[in-house]
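Peer 1: how would this look folded up:
(one chain, ligands or ions: 2)
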Amino acid sequence: MSKSLQAIRGMNDILPEQTPAWRYLERTFATLLDGYGYHEIRLPIMEFTELFARGIGEGTDVVDKEMYTFLDRNEESLTLRPEGTAGCVRAVLEHGMTGGGQVQKLWYAGPMFRYEKPQKGRYRQFHQIGVEVFNLPGPDIDAELIVLTARLWQRLGLTDAVTLQLNSLGSSADRGRYREALVAYLQERFEQLDEDSQRRLTTNPLRILDSKNAQTQALLQDAPTLADYLDDESRAHFDGLKARLDAAGIRYQINPKLVRGLDYYGRTVFEWVTDKLGAQGTVCAGGRYDGLITQFGGKPTPGVGFAMGVERLVLLLETLACLPGDLQRPADLYLCAFGEAAELAGLKLAEQLRDARPDLRLLVNAGAGSFKSQFKKADKSGALWAMILGEDELAAQQVALKPLRGDAPQEKVDFAALAARLDEILPPAGFGRGN
Ligand code: ATP
Ligand code: MG
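Peer 2: Ligands and ions are numbered 1, 2, ... in the order given. Model prediction:
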């Protein structure tokens, strides 16, 4: 196939056999978030480049290496969003939603774009479901975000597959003092650092902490740790969070090297990690970003949030066989009609049945065909019943109902009695019929 007819590398089609799993995940999440009083916000997938440069920060991998940035026809620099927080902050400021200390508890879902090296669990167009909360400064809301993600894992059957890693990055003053100590320590060992970390020593030294290089990691063993630089307030915040997680029975590992890739985090940071997906093991990541909104020129406004990777979660659900078996509900009926008069009557009947049973899954044969060919299509469709309408049935104002699965007897039903009969033979809405 010519290159122009192929999808862009790292940008995937989500095919019909995969979408039920996606919808299941999205639906489970939306229902859960409703239960905690969060509201959905839908945001553009492009913003002015400046927004991300300022919000995420120069010197981060995302801004320096991963953004899809281009000039539009008006010579404005636009960027496909690499994450959701910056756009969400822009929206709440633009609409005055955080003025006067108004609390906002928001969630969003959608595609994000990063120019990365595509591999399992890492793509150039990927999807996140994210949550952002504004104007709540305390550790109680940090705990709520973690508690609700834990409940999501429980609903999805993933509790045993994920672990929670937790850290506090302190205030920006704490990080400033720590950065100095870390840089001084690493500067003395500069020659032993890997090349990436050498570069980061001037651009973004904290990021060296999560270097994948073994020798660099060994060097970091004896480096100063951020925990020793937290001021009283940050320490109290972190203690408050841990106390709440303990009370909720949520286990966590303190990971002093967890720093997160984006510049705007302070105090709480966390990641939910699995060992079932290989290298791309983080399925959900987030933290507190109290300084971000002032960076955009807004009044000081606390913020905290997280985002999870939908592809990685779907992969995890598949890998662990955690997807419910009845995600792809089969059609209830397949209508076979023979001859023009029966086709016209069939169309009318089909629409009447849809009026009576809005949840009905009814496939109407298209393209006419012999009895044999229509029947074959009915069978192949996976429908539970064939509904047959020929000249004889039409004359009697009846249809024949023939089971395609199981061995119930074939029966003739009057048009007028059909909706009531379907109520008897088809399972009611709710039990696996909601998808
Ligand atoms: P990673 O360390 O895996 O690159 P990140 O720190 O860059 O992740 P975040 O910006 O925090 O990721 O995004 C939150 C979540 O979105 C990640 O934990 C992951 O599940 C998912 N994610 C991030 N980048 C990608 C990608 N390129 N492809 C698929 N999922 C991704
Ligand atoms: Mg990344």
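Peer 1: Provide the secondary structure category for the nearest residue to Thr159 once chain neighbours are set aside.
Peer 2: The shortest distance from Thr159 to any non-neighbouring residue, by CB to CB, 6 or more residues apart in numbering, is to Trp153 (4.8 Å). No exception for glycine: its C-beta is placed from N, CA and C like everyone else's. For Trp153, the assignment made with DSSP: H, G, I helix; E, B strand; the rest coil gives helix.
Peer 1: For burial, what's the neighbour tally of Trp153?
Peer 2: 20 (other CB atoms under 10 Å).
Peer 1: how close does it get to Glu343?
Peer 2: 50 Å (CB to CB, to the nearest Å).
Peer 1: List the residues that contact the closest residue to ligand 1 within the chain.
Peer 2: Closest contact between the chain and ligand 1, by CB to the nearest ligand atom, is at Gly309 (2.3 Å). Residues near Gly309 by CB atoms under 8 Å, 6 or more residues apart in numbering: 121, 126-128, 282-284.
Peer 1: The same query, at a cut-off of 6 Å, please.
Peer 2: Val283 (CB atoms under 6 Å, 6 or more residues apart in numbering).
Peer 1: Show me the beta-bridge partners of it.
Peer 2: Using DSSP bridges, the bridge partners assigned to Gly309 are Gln128.
Peer 1: interface residues of this protein facing ligand 1?
Peer 2: 83, 114, 116, 121-123, 126, 128, 261, 280, 282-285, 307-309, 311-312 (CB under 6 Å from any ligand atom).
Peer 1: Downstream of the lowest-mean-pLDDT helix or strand in the chain, the next helix or strand is which one?
Peer 2: Ranked by mean pLDDT, DSSP states H and E, the weakest helix or strand in the chain is helix 61, scoring a mean of 83. Counting by DSSP states H and E, the next helix or strand C-terminal to helix 61 is strand 68-71.
Peer 1: what lines up beside that next one in the sheet?
Peer 2: Paired strands of strand 68-71, defined by DSSP bridges, are strand 77-80 (antiparallel).
Peer 1: Quick check: closest non-adjacent residue to Pro20.
Peer 2: Per CB to CB, 6+ apart, closest to Pro20 is Leu327, 4.0 Å.
Peer 1: what's around that neighbour, how many residues?
Peer 2: Neighbours of Leu327 using other CB under 10 Å come to 13.
Peer 1: got it, and Ala223?
Peer 2: When counting by other CB under 10 Å, one arrives at 16 neighbours for Ala223.
Peer 1: can you pull the pLDDT of it?
Peer 2: Predicted confidence (pLDDT) for Ala223: 93.
Peer 1: Just the strands from the stretch 201-350 of the chain, written as ranges.
Peer 2: 253-254, 266-274, 282-288, 303-309, 333-337 (DSSP state E, counting those that start in this stretch).
Peer 1: which non-adjacent residue is nearest Val103?
Peer 2: Asn135 (4.8 Å).
Peer 1: Am I right that Gln165 is in a strand?
Peer 2: Yes: under three-state DSSP, Gln165 sits within a strand.
Peer 1: For it, which residues are in contact?
Peer 2: Contacts of Gln165 by CB under 6 Å, 6+ apart are 253, 255, 258, 271, 273.
Peer 1: Run through the bridge partners of it.
Peer 2: Residues in beta-bridge contact with Gln165 (DSSP bridges): Gln253, Glu271.
Peer 1: how close does it sit to Ala285?
Peer 2: As judged by CB to CB, Gln165 and Ala285 stand 9 Å apart.
Peer 1: Pull up the overlap in contacts between those two.
Peer 2: Glu271.
Peer 1: can you list the weak-confidence ranges in the stretch 201-350 of the chain?
Peer 2: 261-263 (pLDDT under 70).
Peer 1: how about the helices in it?
Peer 2: 214-220, 232-247, 292-295, 310-319, 340-356 (DSSP state H, counting those that start in this stretch).
Peer 1: What's the local residue count around Tyr252?
Peer 2: 18.
Peer 1: oh, I was asking about Arg421
Peer 2: Neighbours around Arg421, by other CB under 10 Å: 14.
Peer 1: which of the residues in the helix or strand containing it are buried?
Peer 2: Element membership of Arg421, judged by DSSP H and E, is helix 418-425. Of all the residues in helix 418-425, those buried under the rule 16 or more other CB atoms under 10 Å are 418-419, 422.
Peer 1: out of those residues, who's nearest Leu316?
Peer 2: Leu422 (38.2 Å; CB to CB).
Peer 1: ok, the closest residue to that closest one other than its chain neighbours - how many residues close by?
Peer 2: Among residues not flanking Leu422 along the chain, Arg357 sits closest, at 6.3 Å (CB to CB, 6+ apart). Close neighbours of Arg357, defined as other CB under 10 Å, add up to 17.
Peer 1: wait, what's in contact with Leu258?
Peer 2: Here Leu258 is in contact with 165, 167, 269 (criterion: CB under 6 Å, 6+ apart).
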